[in-house]
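K.L.:
give me a model of this one.
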Amino acid sequence: MERSGYLRPTGDEPSRSRPYLSPHTPPRSSSDTSAPTPQHSSADTAPHSSRQVWYTSYGSNTHLGRLAHYINGGRPPGASRVHPGCRDRRPPAASVPVELPGALYFATESDLWGGGRAFYDPDAPGRVLARAHLVTVGQFSDIAAQEMYREPGTDLDLTRALTTGRQTLGDGRYETLVRAGTRDGLPLLTFTAPWHLHDVPGNPPSAVYLAHLYAGLRETGAWDPATIAAYLAASPGAAGHWSAADVAALGAVT
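P.N.:
Residues are numbered from 1 along each chain as shown. Below you'll find the predicted structure:
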């Protein structure tokens, strides 16, 4: 049984995305049905870099300790690369569990962890367990740059992703931005590969990488351990190589 507490993204069409709220305005509760206070003047005058989005992670950055290395810089345990970090080193203003439509799968070869990388196919059937972190546009841009093996420091123009739901910045892995929904009037943004689930061969993830995914989803408190272990073990690329019991055993030592 899943525990309550996670949030599904709303089904707003990308072209009808709502305006940014001021970064100083706390998110409304999901149970608050009252009309929001207009924020036009705050949003219009706030610097672009400081406006907020939900960076939605379905991979190792579901784990807050792992995400901290993308924000603060440094090399996470078990990884082979040092991250330069973000210009803005504040932690996320909030982190909430979400479920996205689509599928998680593992493919290509990670030179950071070894084994397959996690990717998101928003067009495939299924559901993806994820965690949305409330960050600034500047932080999202710097996290994305590090995932793309680029130097952080430049804000991304997110117009196409926000208006059409997808934006391709290159042909590499993690160079396609996806707007997966909206939460409290702010976009749920993530990045993945330009290809689809069945376009590339699967590759099982390494134990240390899978352990971060398991631990990050457990941190949310939204899903019980058996549900998380079964979900990860059944994901294409991991299926047939990892059992739910194997994944749960990894989680016991994280």
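
K.L.:
quick one, helices of the stretch 151-254 of the chain?
P.N.:
Here the stretch 151-254 of the chain has its helices, by DSSP state H, counting those that start in this stretch, at 159-164, 207-220, 225-234, 244-251.

K.L.:
run the chain-centre distance for the longest one.
P.N.:
On the basis of Cα atoms, centre = their mean, to the nearest Å, the separation between the geometric centre of helix 207-220 and that of its chain is 13 Å.

K.L.:
what angle sits between it and helix 244-251?
P.N.:
Inter-element angle recorded for helix 207-220 and helix 244-251: 80 degrees (by axes from the mean of the first three to the mean of the last three Cα atoms, to 10 degrees).

K.L.:
list the helices and strands helix 207-220 packs on?
P.N.:
helix 64-72, strand 95-101, strand 127-136, helix 225-234, helix 244-251 (3 or more Cβ pairs under 8 Å, 6 or more residues apart in numbering; DSSP states H and E). Any C-beta I mention is one placed from the backbone N, CA and C, and that applies to glycine too.

K.L.:
pLDDT on that helix, on average?
P.N.:
For helix 207-220, mean pLDDT rounds to 94.

K.L.:
and that helix, what's buried?
P.N.:
Neighbour-count burial for helix 207-220, counted by 16 or more other Cβ atoms under 10 Å, picks out 207-220.

K.L.:
if we can go back for a sec, compare the helices of the stretch 151-254 of the chain and report which one is nearest to Ala193.
P.N.:
Of all those, helix 159-164 sits nearest to Ala193, with 15.0 Å by Cβ to Cβ.

K.L.:
check which helices and strands that closest one is in contact with.
P.N.:
Counting by 3+ Cβ pairs under 8 Å, 6+ apart, helix 159-164 packs on strand 166-168, strand 176-183, strand 186-192.

K.L.:
residues in contact with the helix or strand that contains Val53: which ones?
P.N.:
Using DSSP states H and E, Val53 sits in strand 52-57. Applying Cβ atoms under 8 Å, 6 or more residues apart in numbering, the contact partners of strand 52-57 are 20-21, 23, 61, 67, 92-93, 96, 98, 100, 130-137, 139-140, 143, 158, 180, 183, 186-190, 216.

K.L.:
let me know the closest of the buried residues of helix 207-220 to His196.
P.N.:
Using Cβ to Cβ, the buried residues of helix 207-220 come closest to His196 at Leu213, 20.7 Å.

K.L.:
wait, that closest one sits on Thr62?
P.N.:
Yes: under the criterion of Cβ atoms under 8 Å, Leu213 makes contact with Thr62 at 6.3 Å.

K.L.:
Serialize the buried residues of helix 207-220 to TSV and add fields for distance to Gln52.
P.N.:
Converted to TSV, the buried residues of helix 207-220 look like this (distance: Cβ to Cβ, whole Å):
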residue	distance to Gln52
Ala207	35
Val208	31
Tyr209	29
Leu210	30
Ala211	30
His212	25
Leu213	25
Tyr214	28
Ala215	26
Gly216	21
Leu217	23
Arg218	26
Glu219	21
Thr220	20
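
K.L.:
between those, which is closest to Ile71?
P.N.:
For these, the nearest to Ile71 is Gly216 (14.7 Å; Cβ to Cβ).

K.L.:
low-scoring stretches of the stretch 101-250 of the chain, by residue?
P.N.:
For the stretch 101-250 of the chain, no stretch is flagged by pLDDT under 70.
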